[in-house]
Structures are given as structure tokens and as C-alpha cells.
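A.B. asks: Turn this into a structure:
(2 chains)
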Amino acid sequence: MSDIVAPPLSDDVPTPDLKPDAMKEVRPFKASPEHQAALGFPGTLVDDWQKVAIRRLGELVEGSRALRVFLDSCVKCGACTDKCHYFLGTGDPRNMPVARQDLVRKVYRRYFTWAGRWFPWLVGAQDLTPEVLESWYTYYHQCSQCRRCSVFCPFGIDTAEVSMAAREILDSVGVGQKYCNEILGKVHKIGNNLGLPEPALRNTLEGLEEDVKEQCGADVRFPVDVVGAEVLLITPSADFFAEPHIDGLIGYAKVFHQAGISWTVSSEASEAANFAMFIGSHEQMRKVAQRIREAAIALKVKRIVVGECGHAWRVAYSFWSTLIGPLDFLDPRYPQPQHICEVTEGLIARGALRLDPSANDDKVVTFHDSCNVARATRMGDRPGGQFTVPRSVIRSVCAHFVDMDPNTIGDKTFCCGGGGGLLTDDLMDLRVKGALPRLTALNTVVQERKVTHMAAICAICKTQFSKVLPYYGLPREMVISVHQLVGDAIVLGAKD
Amino acid sequence: MSAWTIGYAVLLYVAFVVLVGGVAYRVAVYRFTPAPLRIPTMPAPRTALGVVARMGREVGLFSSLFRGDKWAWIWSALFHASLLLVLLQHLRYVLAPVPLWVRLESPFGSYAAFVLVISLVGLLGRRLLIARVRFVSAPSDYLMLLLLLVIGVTGTLMRFADRVNIVGFKAFILGVMALHLQSLPLEPLILVHVASVAGLMLIFPFSKLLHAPGVFFSPTRNQVDRSRREGGMRVSAGNEAGTGTTASPVVREGGL
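C.D. replies: Take a look at the predicted model:
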């Protein structure tokens, strides 16, 4: 934490003055030729990159109504300009959503619109120069694709779509981001983001069985590749060993155990995350998702349940039916896929879990709505269930629950600062500054409402908060999994 | 028949064809561009009817902008509402005989012109004064506001200050529409007003003014939330706009 200084926390996040180019030099490491090759992208910048990039932009626009409408429709009203956590944390005007979009929009106008071809100076159109390409790499890797800006846009323009397209173009000319592309390579080769091979996975889960047995005396299983199990659990691989994620995994296992639901993870698809969404590659996204369909068929499961992971839930909820659907081989009596919070909430509502909320009496808990869950998915049967279901679960297992400032939760939630493929140490400066709005709201309830813990349902959020909380003088242990609260409150033995 | 009359008639024909043809082409392009993935901004309606309601709130009330920026909402709501009233008022210059409802609307449309001009000044003011908005503004963003201001100011002057030969102008317009040209009254305010309107029509399909048809095709706002198989769940009819303030829903764990 040497040279990175977090902005001071106050009781509000003021809209900063513009600091042009403040974040111009902050960019993630580029992917090596090997990482690129593994995904079928050119290893280094191709010779005719300008032509390739413009052609790719044209293809993307032709294949995406969203991109076309978004690039045409912005009126520069400015409603989004103070909504991005990275702008609020850095003051760099290129982190204002409209300015970020404009980096691509200027080029789109230059090559694909009549006005930009003939009067570029008039409409702010620009040639695709090496500097523009570099600015794409820099500022589209300062976007966590959280979609907060799209909530306030009168036309629903979603910067995430533009950001994904820009990263896809960068990949197509040979300029990839190391963090995302290296991880995608690991998914293809080993089955999960962390590169955890099957023996290590089995070993870890066996160790967990022993830990839980020691802790509460029950034989809670963590099954791998069990053919014929009812549920295939798809969860981020961080749940297998990272803190605080692993306590969430223990929570899922206890829920399944007490409800008598047989379940398994798959060694072939031991990863819920799908970083292909971050780099905007539909082809990669389909390939990564396809592993899960194949695993579900091979293991003859009846249901797929997704663990606590924000963007994975988006891919599963919103994209699976298009990418790998239909999931008609699964039990039609259940939502497919289903979120672990929906499963737990339903079991609680039916009285199928024996809970002792006093186990969490030492905590005052608040809840962080993860951006992809909040603005790109649903839980339960009503719009907004993605907000009520996890809160309902928390309230069932914990007596003290407090919400943060209403302008920072629900569909107005602030990103943790590490989403969208930015959860890498080479972007630490950005991650710390981008966490400012969320941590300001958290700090307020810590000061005023004595909040001790912030529960989350996203592996990226949990890792990001654990890392950046100390920069703001808050303890890293504050962030916990929702299913850690559940796991701690479940009384095992009685109803087994 | 003066050169002015012929020139302005041709200008209006060209502007009309470009506006209608250009927007129709653009709408067709939007319509036939695929939208493979579902990306509605959640919480989103679960039924098509709910989407109609959501779009109605966006287009009729600018509901998202209201949540995002109150001042931008005030100026743009005033601008669009007064523009609508003024346009309706203008029907009296192209319809003969003038329908009763247009006559009744006419005073509202006339005085709305002042609101139109004031709101344009407001929009221009925030574009100039707010550094964040100035940063993202191109010359065309200012020029479009100025063009609208020219239209609004000349129109207001003709209506309230420097009365022009509106009867003669209506005869010209009806002639243009009937392809039987009548001479255009050569008054500077008329010439500037009509030329500016034609200019706006000409740039419409090539500019950010496409936001008008574009919003209807915006996938984040017009898609239904129905991407997963929802076995064991019921579609709740009400609460389409739920934002998490309602009681927690019941997720059925059927089959256990």
C-alpha cells in the first residue's frame, strides 16, 4: 500500500472537479502472445491494425442493436457524468460514462456516419490513431461494466456494452489484457479461473469436510463429480479456498445438507465465473458456458444452482438460454438456473432449515448489492427480487440488519471498484479510488449505526473489499459471504 | 413565380424526403440489427405490457433522466413539452379548414413558444456552465441548440411582435403540399424561420436527434425480463416497476 493513497472518507461523496488525464497512465498489463494465442487472438499488434479494428467495429455494430442505438442516440445531456464510481474517485473526465463511450463513438462517427465522414470537426469525429487505440486500452480498462450509468440515461445507453465492444476490438488487433485473457486460458485448460486441478480440488473439499466435522460434529459433504446428484453447484472457484469466500461455500453445503438435497460440484466445470463477458467475446462466453451444460448432462443432475458470484449470475440468468439453451433436460419444476439465495430463501420460507439467529448476535450487518446481480438479473418471482431475496435471507439468520444510504443500494448500488475484469494488482490505484463511493456509504453506517459487517454475494466484491478496506482504515474482516451468516446460524444435528 | 418561391419549395421537398426517408431507413436498420443477448436494465418488467408501461414512462415522463439529473430533466421536459404544443399549433398553417381542436389548442401552442425559448436558453446555459457537460460537448451540440433558438425566436417574433403575412404564407404551404406553387411572402422572419426548420429536418437523420426513434429500440429499456426458465414460479401481474421496496417474494421450492 506504499504509494497508493485512498481519498479521505467524509459523510458524502462530492462531485469532483475535472482533473484531465489524472488516470491517463493507469493501465493493466497487456497479455503475452501465449495468453492471446490460447484464445485465438493475435499475439501482438497486427500490422494493419487500423483496418482490422475499424472492420471489427463495423461487424460489432452490425451484430448488436444495442451498440448501434447507443452510439447514435447520446445527446450529451450529462445525466451520467457524475454517476461512475471511477469518476467520483478520480476526477478524470474520461471516466465520465459519456466521455468513455465517446472514445469509441468518435471513431464510429468518423468511419460509419455521413456527418463524421464529411464534417469530423463539427461532430467531434476522430481518426483511429495509435493514441486513440491506447486511450481505449486505458479507459475501457477503467470501466467495471457495472451499468450504474445506464440506470440514469434517458435512453438506457449502457457503457458496459461499449466497453465490452472496445475490449473485443483490442483483442482482435492483438492488444489483450493479461488478467482476463490469462484466466480464460486457465478455464479452458484446467476448468477454473484459479487453475486448481482436480486432485487439488478434491483435496481441498475433503479438508473442508474435516473442518466442518470438527467444528460442529456433522458429516457435511462437499461432493465432487457425483453422478445422479440432484443439484449441480456452479460457484466461483474463489469459494474453494479464498477468505471470506470459503465460509460461504460451507454455508451452501450446510443448507443442502440440512434440506436433504444431494448436490455436487463438477471438476470439469468447477467455475461459475465467465470472464469472456468482460472482454466482450460472445464466442468465448459460449465456450466457457458450454462446459457447464456438458457437466450437467454428464452428471445427470436435475437442477443447476449458482453460488455467490455477481457476473456469473448475470451470464447464467440472462445469457445461458441464448448461449447454451435450452436447459430443457433439467427438472422443469424449478427455475433453471437458480441462485443459491433463492434456494435458501425458499427453504427458510418452508421451515426446512433450523436456524438460530443468535449465532450472529455479535454482528450488525449491512448488505452490498453487487452490480451485476442488481442491474442485470433477478431473483425470486418479482422484479426487484434480487434486492429483497438476499436481504430476506440475512434477516432470517441475523437479528441486526441495517441498509446503507438508499442512493447507494438497489439498482443505484455502487460497484465495489474491482468488477469487470479489473481485479488485478496492476490496477490497485484505480481499485482503491473506485471503492470510495461504496466505502463512504459503508463508513457512514459504521459510524452512525454501529455496523460491523458488510455481506456480499459476489466473489469479486469480496476479494476487492478485503483488499481495499485497509486503505480506508476499515478492517478487512468486515466483508463476509451471505452464506457465512446462514452457515453459522444453521443448527446441525437436530433435524438431520 | 419568384426564384425565392421555387427555391423554398424545393428546399421543403428535399427536407421532407430526407427527414422521412432518413428516419425510416434508420428505423429499419435498428429493426433488423440483431439483439442476441438479453440486457434489460433490471428491475425490468416481466411482461410485454409492462415494457409498454416502462417505455411510456421513459418517453412521456423522462423517468430515468428524472432519477439522474433534476435540472436536466426540468429543462428537457419543458423543451419537449412546449415543442409538442408548438408543433400542434402549427397544424393551423397546413390544414384547411382548421379543425376545432387545433383552434382550441392554438393559444396554448402560441404561449408555449416562450417556454420553448426559455428552456433552450436553460439547456444552452448548462452546456456552457457545467464543466462536465462542456467537456463532452462538440460544436454540433451547441449549433443544434442555436438552430432551435433561431427557430423559436423568429417564430415567437412573428406571432407576438412583428406580425407577418401569415395568410399568404399558409397559401404558399398549401400550394407546396398540393404541388401547385403559390408565391412565398418575402419577409425576412419567414425566410429565416422556414430555412432553419428545413435545416433541422435535414440534419435529423444524421445526428444525435436520432435519439427520438432510437429510444424505442434501446434493448436496456424495451426488453422483457424473461431469459430463464421459470419453472415453479408464477409471473406476478402487478409490481412491474418493483424496486425492492415490496415485501419479500416467496420462491417456491417445489418437489422437495
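A.B. asks: Tell me where chain A has strands.
C.D. replies: For chain A, the strands defined by DSSP state E cover A:231-234, A:263-264, A:303-306, A:335-336, A:338-339, A:365-367, A:453-456, A:479-481.
A.B. asks: so who does B:V52 touch?
C.D. replies: Residues near B:V52 by Cβ atoms under 8 Å, 6 or more residues apart in numbering or on different chains: none. In this view, the C-beta of every residue, glycine as well, is placed from N, C-alpha and C.
A.B. asks: Could you confirm it falls within a helix?
C.D. replies: Yes: counting by DSSP: H, G, I helix; E, B strand; the rest coil, one finds B:V52 located in a helix.
A.B. asks: Would you quantify the distance from it to B:R221?
C.D. replies: 11 Å (Cβ to Cβ, to the nearest Å).
A.B. asks: Ok, A:R382 next?
C.D. replies: Per Cβ to Cβ, A:R382 is found 19 Å from B:R221.
A.B. asks: what's the spacing between the closest residue to B:A138 other than its chain neighbours and A:R110?
C.D. replies: Spatial nearest neighbour of B:A138, chain neighbours left out: A:G124 (3.2 Å); criterion: Cβ to Cβ, 6 or more residues apart in numbering or on different chains. Per Cβ to Cβ, A:G124 is found 9 Å from A:R110.
A.B. asks: ditto for A:R27
C.D. replies: For A:R27, the distance to A:R110 - Cβ to Cβ - is 23 Å.
A.B. asks: Equivalent analysis for B:M144, please.
C.D. replies: From B:M144 to A:R110 the distance is 19 Å (Cβ to Cβ).
A.B. asks: Could you report the neighbour count for the residue nearest to A:L60 when sequence neighbours are not counted?
C.D. replies: Of all residues not flanking A:L60 in the chain, A:A165 sits nearest, at 4.9 Å (Cβ to Cβ, 6+ apart). As a burial measure, A:A165 scores 24 neighbours (other Cβ atoms under 10 Å in any protein chain shown).
A.B. asks: Contacts only, for A:A165.
C.D. replies: A:A165 touches A:L57, A:L60, A:S64, A:L67, A:V104, A:G280, counting by Cβ under 8 Å, 6+ apart.
A.B. asks: and which of those is nearest to chain B?
C.D. replies: A:S64 (6.9 Å; Cβ to the nearest Cβ).
A.B. asks: For that closest one, give me the pLDDT.
C.D. replies: A:S64 is assigned a pLDDT of 97 by the prediction.
A.B. asks: Any idea what the residue nearest to A:V301 when sequence neighbours are not counted is bridged to?
C.D. replies: Excluding the flanking residues, the one nearest A:V301 by Cβ to Cβ, 6+ apart is A:L232, at 4.1 Å. For A:L232, the beta-bridge partners under DSSP bridges are A:T264, A:I304.
A.B. asks: Could I get the contacting residues of A:L232?
C.D. replies: A:W263, A:T264, A:V265, A:S266, A:I292, A:A295, A:A296, A:L299, A:V301, A:R303, A:I304, A:V305.
A.B. asks: Ok, A:V393 next?
C.D. replies: Neighbouring residues of A:V393 by Cβ under 8 Å, 6+ apart: A:C341, A:T344, A:E345, A:I348, A:V482, A:L485, A:V486.
A.B. asks: Which of those residues fall within helices?
C.D. replies: Using DSSP state H, the members of the contacts of A:V393 that fall within helices are A:C341, A:T344, A:E345, A:I348, A:V482, A:L485, A:V486.
A.B. asks: ok, and which of these reach chain B?
C.D. replies: Near chain B, judged by Cβ under 8 Å from any Cβ of the partner chain, the entries from the ones in helices among the contacts of A:V393 are A:E345.
A.B. asks: Quick check: B:D225 touching B:P43?
C.D. replies: Yes: the pair B:D225 and B:P43 passes the contact test of Cβ atoms under 8 Å, sitting 7.5 Å apart.
A.B. asks: where exactly do the helices run in the stretch 101-250 of chain A?
C.D. replies: Using DSSP state H, counting those that start in this stretch, the helices of the stretch 101-250 of chain A run over residues A:114-118, A:120-123, A:130-139, A:148-152, A:159-172, A:178-190, A:198-216, A:245-259.
A.B. asks: which stretch among those comes nearest B:L157?
C.D. replies: The minimum distance between B:L157 and those falls on helix A:120-123, with 27.8 Å, by Cβ to Cβ.
A.B. asks: Contact residues of the stretch 1-150 of chain A facing chain B?
C.D. replies: A:15, A:17-18, A:61-66, A:68-70, A:72-83, A:93, A:96, A:98-99, A:102, A:113-115, A:121-124, A:147, A:150.
A.B. asks: rerun at 7 Å
C.D. replies: Applying Cβ under 7 Å from any Cβ of the partner chain, we find that the stretch 1-150 of chain A lies next to chain B at A:18, A:62-66, A:68-69, A:72-83, A:93, A:96, A:98-99, A:102, A:113-115, A:122-124, A:147, A:150.
A.B. asks: Helices - which of these land there?
C.D. replies: A:62-63, A:65-66, A:68-69, A:72-73, A:98-99, A:102, A:114-115, A:122-123, A:150.
A.B. asks: quick one: contacts for A:T81?
C.D. replies: A:M96, A:V98, B:R132, B:V133 (Cβ atoms under 7 Å, 6 or more residues apart in numbering or on different chains).
A.B. asks: run the last query once more with 6 Å
C.D. replies: Applying Cβ atoms under 6 Å, 6 or more residues apart in numbering or on different chains to A:T81 gives the contacts A:M96, B:R132.
A.B. asks: what about residue 97, neighbour count?
C.D. replies: Going with chain A. 30.
A.B. asks: Chain B is the one I meant
C.D. replies: Neighbours around B:P97, by other Cβ under 10 Å: 8.
A.B. asks: Where does it sit: helix, strand or coil?
C.D. replies: The three-state label given to B:P97 by three-state DSSP is coil.
A.B. asks: how about low-confidence regions in the stretch 51-200 of chain B?
C.D. replies: Low-confidence segments of the stretch 51-200 of chain B (pLDDT under 70): none present.
A.B. asks: go on, chain A?
C.D. replies: In chain A, residues with pLDDT under 70: A:1-2, A:494-496.
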